[in-house]
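Chemist: just to be clear, the model below is a prediction. Sequence and coordinates:
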Amino acid sequence: MARYKLTDSSPRLLPVDLAQQLIPGTFEHALDGLLDGELDLSAFDARVNNDDTGAPAYSPAVLLKAILFGYSRGLVSSRAIERACRENVVFIALTRDSAPHCTTISSFIRSCGDEIARLFAQVLYLCDRQGLIGREMFAIDGVKLPSNASKSRSGTRAEFERQARRLEATAARILDRHQRNDTQVTGSEGAANERVERLQREAAQLREWLAQNPDDRRGSRGSIRKSNRTDADSAKMATSKGVIQGFTGVAAVDAKHQVIVDAQAHGTGSEQELLLPVIEAIAPLLAESSLVTADAGYHSDANLRQLESLGVDALIADNNMRSRDERFADQARHRRTPDPLHDKSATPRVGKKFTPADFTYDPLRQTCVCPAGKTLYRNGRNVVSNGYVGVKFRGAESTCRACPLRDRCLRTPEKTVTRQVVFFRGKADSRAESATDRMKRRIDSPEGRARYGRRFAVVEPVFGNLRHNKRLNRFTLRGRRKVDTQWKLYCMVHNIEKLAKHRTRT
């Protein structure tokens, strides 16, 4: 009969040298050395007030090691990091077998925004001292990520008012129906009462929020933005995978070694208003020969004029840049076509909308007749739009409301009252050149195309590292300040990786 060695399911205590678990050249070894000797963590001492009384606190170095190494391994939850500090030998070696609780980890991240910003700057200084920042080109871009907020709880004050009225009216109807029927105690009455209580509770929460927030959230141009009752700083954003409720993480990346020189998180999907804050943040790093690049999301004539006044050399693409580039003449063939097996139903045909070409315009008499044969009245002789001047006509409300062609003339006939049409006759002032025109001429030149073409290879791999390798698919905190801290921590992980690899090669 064959004999085998005995195995013990309860072996004796095994000795482990924790220092040997941090292998030189790895991220964890570099992280341990940075936080124990090279980075100044004295700013965190002001958060602790236990000199005379109270239990000893966890060292900020221990907490930062657990958090940053957890983020590098794709662990974003504080509970997952706590579990790793008990079970994973590398986490145990980094934290010196201290095993901080998840509430301690979570509270540290939520309350150390200013200290984390200073620590990010220290890591950036070390990268600069090691020669990892070239200052030749900085690429700015952003990524939209969901936040810890409910998309269904977004709206304007007017929408929340209507929701509260509907909830109160529904609860009143249910109560009125039961009173009219004069029902006895039945099994369904308890469920109805629970529903009434739930509706009244939700309506009361809406009324309380409206009382605490008397004004709508405003955009940079004064337009009303939807507020979110779960996280007031987050915003609804359109992405390639649908509309999300979240934040935009913006990063400015140096081209030499893809070091992130600035990281900010904002609760807005409009990237135009985020360009200048990033330029202001990286201004100390800009040299005379530095080039700043950004995609079309950051393009606006106001931004370009501000960059010119600041003397910043920049290449900011516009929405039509690729249409002017012959290299992208066949880009339409790369677009994804709909799956024929997904939906077998016939595509409903939508009637073609009337364009300005369908209107009869007489430039001499300055008159315009719509396809229905009605004369529109002129309400603008020198209307300027996007640098072009034209004549604007508008239909009379009395004729447009009863027009049989209303559905073909208006995109949203249920909302729009009358049709407007503009006939352009040329540029507003051929002698005046806008900042957008100057940027188009620069970016369309062979030199501009070559320099701007490097942007994609600089910034996109950074987001690929953070989103795929580090598994950052959503922000887990609420409030712009806390989300900004979490975004800086992830970007700090990226920079420490660059620093560790550079020191290994040298």
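Modeler: That came through, no problem.

Chemist: low-confidence regions, the stretch 251-400 of the chain specifically.
Modeler: Along the stretch 251-400 of the chain, the model assigns pLDDT under 70 to residues 336-351.

Chemist: check the stretch 1-150 of the chain too.
Modeler: The model of the stretch 1-150 of the chain has pLDDT under 70 over residues 11.

Chemist: please, where are all the helices along it?
Modeler: 27-33, 60-72, 78-87, 89-94, 102-111, 113-129 (DSSP state H, counting those that start in this stretch).

Chemist: just give me the residue closest to the centre of the chain.
Modeler: Relative to the mean C-alpha position of the chain, the nearest C-alpha, by Cα atoms, centre = their mean, is the one of Thr248, at 1.7 Å.

Chemist: and the chain, what are its domain boundaries?
Modeler: The chain breaks down into these domains under automatic domain parsing: 18-48+56-111, 137-148+236-325+444-485, 157-215, 356-427.

Chemist: next secondary structure after the top strand by length along the chain?
Modeler: Longest among the strand segments of the chain by residue count, using DSSP state E, is strand 242-254. Using DSSP states H and E, the next helix or strand after strand 242-254 towards the C-terminus is strand 260-266.

Chemist: just the buried residues of the helix or strand following that following strand, please?
Modeler: Per DSSP H and E, strand 260-266 leads on to helix 275-282 as the next helix or strand towards the C-terminus. Residues of helix 275-282 classed as buried: 275-276, 278-279, 282 (neighbour count, 16 or more other Cβ atoms under 10 Å). Any C-beta I mention is one placed from the backbone N, CA and C, and that applies to glycine too.

Chemist: and helix 275-282 with strand 260-266, angle?
Modeler: Following axes from the mean of the first three to the mean of the last three Cα atoms, to 10 degrees, one obtains 140 degrees for the angle between helix 275-282 and strand 260-266.

Chemist: counting neighbours, what do you get for Asn465?
Modeler: Counted with other Cβ atoms under 10 Å, the neighbours of Asn465 add up to 16.

Chemist: so it sits in a helix?
Modeler: Yes - with DSSP: H, G, I helix; E, B strand; the rest coil as the criterion, Asn465 is part of a helix.

Chemist: His494 is in contact with that one, correct?
Modeler: Yes - counting by Cβ atoms under 8 Å, His494 is a contact partner of Asn465 at 6.1 Å.

Chemist: on the three-state scheme, Tyr361 is what?
Modeler: Taking three-state DSSP, the label given to Tyr361 is strand.

Chemist: quick check: Arg381 touching Val391?
Modeler: Yes - using Cβ under 8 Å, Arg381 is in contact with Val391, at 5.8 Å.

Chemist: mutual contacts of the two, please.
Modeler: Common neighbours of Arg381 and Val391, counting by Cβ atoms under 8 Å, 6 or more residues apart in numbering, are Gln366.

Chemist: which one's more surrounded, these two?
Modeler: Val391 (19 against 10).

Chemist: does the more buried one sit in a helix or strand, and which one?
Modeler: strand 388-394.

Chemist: what comes up buried for that strand?
Modeler: Quick answer for strand 388-394 (16+ other Cβ under 10 Å): 389-394.

Chemist: make CSV from these and add distance to Phe160 to it.
Modeler: Shown next, in CSV, are the buried residues of strand 388-394 (distance: Cβ to Cβ, whole Å):
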residue, distance to Phe160
Val389, 42
Gly390, 40
Val391, 42
Lys392, 36
Phe393, 38
Arg394, 34
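
Chemist: I'd like to know which of the residues you listed is nearest to Leu175.
Modeler: When the buried residues of strand 388-394 are compared for distance to Leu175 (Cβ to Cβ), Arg394 wins out at 49.3 Å.

Chemist: circling back: adding distance to Arg86, write the buried residues of helix 275-282 out as JSON lines.
Modeler: Listed next are those as JSON lines, based on distance: Cβ to Cβ, whole Å:
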{"residue": "Leu275", "distance to Arg86": "45"}
{"residue": "Leu276", "distance to Arg86": "46"}
{"residue": "Val278", "distance to Arg86": "40"}
{"residue": "Ile279", "distance to Arg86": "45"}
{"residue": "Ile282", "distance to Arg86": "40"}
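
Chemist: Arg216 contacts Arg157, correct?
Modeler: No Arg there; residue 216 is Asp. Yes - the pair Asp216 / Arg157 is scored as a contact, 5.2 Å apart, by Cβ under 8 Å.

Chemist: quickly list what's touching both of these two.
Modeler: Joint contacts of Asp216 and Arg157 (Cβ under 8 Å, 6+ apart) are Ser227.

Chemist: before we move on, the earlier item: who's in contact with the helix or strand that comes right after the strand holding Val391?
Modeler: Of the helices and strands lying after strand 388-394 in sequence (DSSP H and E), the nearest is helix 397-401. Contacts with helix 397-401, where a contact means Cβ under 8 Å, 6+ apart, come from 372, 374, 406, 409, 417-419.

Chemist: repeat for stretch 487-506
Modeler: Applying Cβ under 8 Å, 6+ apart, the contact partners of stretch 487-506 are 24-27, 29-31, 34, 67-68, 71-72, 109, 116-117, 119-120, 123-124, 126-127, 130, 132, 247, 249, 251, 257-260, 263-265, 462, 465-466, 470, 472, 475.

Chemist: residues contacting stretch 115-126, please?
Modeler: For stretch 115-126, the external contacting residues (Cβ under 8 Å, 6+ apart) are 34, 38-41, 43-44, 47, 60, 64, 133, 259, 261, 263, 485, 488-489, 491-492, 495-496, 499.

Chemist: appreciated, that's everything.
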